[in-house]
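Undergrad: heads up, no residue letters with this:
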C-alpha cells in the first residue's frame, strides 16, 4: 500500500503514514525471519494471490506449531503472529495494476486511515 504524498499532509494523514511505515517494518521483519528458514519464500510464489496468502498463513501456523513444541532456548526465532481475526484482515483487497492507483485503492487507504486515527 502506498503512503500519502508528503505535500500538505493533515495530522491524520501524517499519523497514517507513520503507522503504515511501522507496520511495514514489522511485517518485513517477520517475513524475513520466516523466509530465512523456508527457502521457497525467497522467490516469487507463482500462484493466484488468494492462494499465496493461504500458503503464507499456513507456513506461519506450521512455524508457530514447531516453535511451541521445541524446548525453551533451542530456537531464537520469535513466534510470528498471523491473527486472521484482525479488523484489518477484513479490509477489501484490490487487484494490482501498473501505473496510477485506482479509486478502490484510495478508498481502502482512506478507510485504514480512519481506523488508525479513531479513538478505538
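TA: All right, it came through fine. What you see is a predicted model; the values in this text were computed from it and never measured.
Undergrad: where in the protein is pLDDT low?
TA: 70-102 (pLDDT under 70).
Undergrad: how about the helices of it, start to end?
TA: 11-37, 49-69, 103-116 (DSSP state H).
Undergrad: include mean neighbour count and distance to residue 2 when you put the ones you listed into a markdown table, please.
TA: The way it works is simple: take the backbone N, C-alpha and C, and place the C-beta from them, glycine included. Putting the helices of the chain into a markdown table (neighbours: other Cβ atoms under 10 Å; distance: least, Cβ to Cβ, whole Å) gives the following:
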| stretch | mean neighbour count | distance to residue 2 |
| --- | --- | --- |
| helix 11-37 | 14 | 9 |
| helix 49-69 | 13 | 18 |
| helix 103-116 | 14 | 7 |
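Undergrad: so which of the ones you listed gets nearest residue 43?
TA: Of all these, helix 11-37 sits nearest to residue 43, with 9.5 Å by Cβ to Cβ.
Undergrad: same for the closest one, what does it pack against?
TA: helix 49-69, helix 103-116 (3 or more Cβ pairs under 8 Å, 6 or more residues apart in numbering; DSSP states H and E).
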